[in-house]
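>>> Let me see the structure of the following:
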Amino acid sequence: MIESNFKIRIRYSDTDQMGYVYYGKYANFYEIARVELFRKLGFSYSQLENKGIGMPVIEMKSKYLMPAKYDEIIKINIQIREIPSAKILFHYRLFNKKNNLINTASTLLTFIDLQTKKAVRTPKKLLDIINNNFSEK
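Prediction:
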């Protein structure tokens, strides 16, 4: 498993009239965690795109347990629990400032050739990085 944590502050533009994070904004939080995880591993999304590879989300599941609120700092825990092939599955747990679990989610992404729009396997360099950082937990 590969696991990491990132913190973000809830902006006013993330919230609805009640001061709670609008449900659609959670997808942005998941993306932030994915991009930062890849960056922390030493492999950026732009490196993928420069090689002609894209990573569209093909499935997203999200469960809302408690609201996140304006100006709160939340922690996003992200995990890769299995070695990817043509698809990669990310798991998320979001916590509020009191360390209460407020959201659980997963996103399934696939790798595609940006020219042909056809599925491809995980790029070797990224797969090597994941394998080198993967630990059994």
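>>> In the chain, where is pLDDT below threshold?
137 (pLDDT under 70).
>>> Just want the most central residue of it.
The geometric centre of the chain, computed from its C-alpha atoms, lies nearest to residue 34 (CA atoms, centre = their mean), at 3.3 Å.
>>> can you pull out the helices in this structure?
Listed in chain order, the helices of the chain (DSSP state H) span 26-41, 45-50, 124-133.
>>> Isn't residue 114 up against residue 55?
No - counting by CB atoms under 8 Å, residue 114 sits too far from residue 55 to count as a contact (10.1 Å). Backbone N, C-alpha and C define where each C-beta goes, glycine included.
>>> Which one's more surrounded, the two?
residue 55 (19 against 12; other CB atoms under 10 Å).
>>> doesn't residue 113 make contact with that one?
No - between residue 55 and residue 113 no contact is recorded; they are 11.6 Å apart, counting by CB under 8 Å.
>>> what comes up buried for stretch 52-70?
For stretch 52-70, a neighbour-count test (16 or more other CB atoms under 10 Å) marks 53, 54, 55, 62, 67, 68, 69, 70 as buried.
>>> any chance of the residues you listed in a markdown table, with distance to residue 5 too?
Below are the buried residues of stretch 52-70 laid out as a markdown table (distance: CB to CB, whole Å):
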| residue | distance to residue 5 |
| --- | --- |
| 53 | 27 |
| 54 | 26 |
| 55 | 21 |
| 62 | 18 |
| 67 | 20 |
| 68 | 16 |
| 69 | 20 |
| 70 | 22 |
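>>> Out of those residues, the closest to residue 39 would be?
Nearest to residue 39, judged by CB to CB, of those is residue 55 at 14.0 Å.
>>> which one is that closest one nearest to, not counting chain neighbours?
The shortest distance from residue 55 to any residue other than its chain neighbours is 4.6 Å, reached at residue 109 (CB to CB, 6 or more residues apart in numbering).
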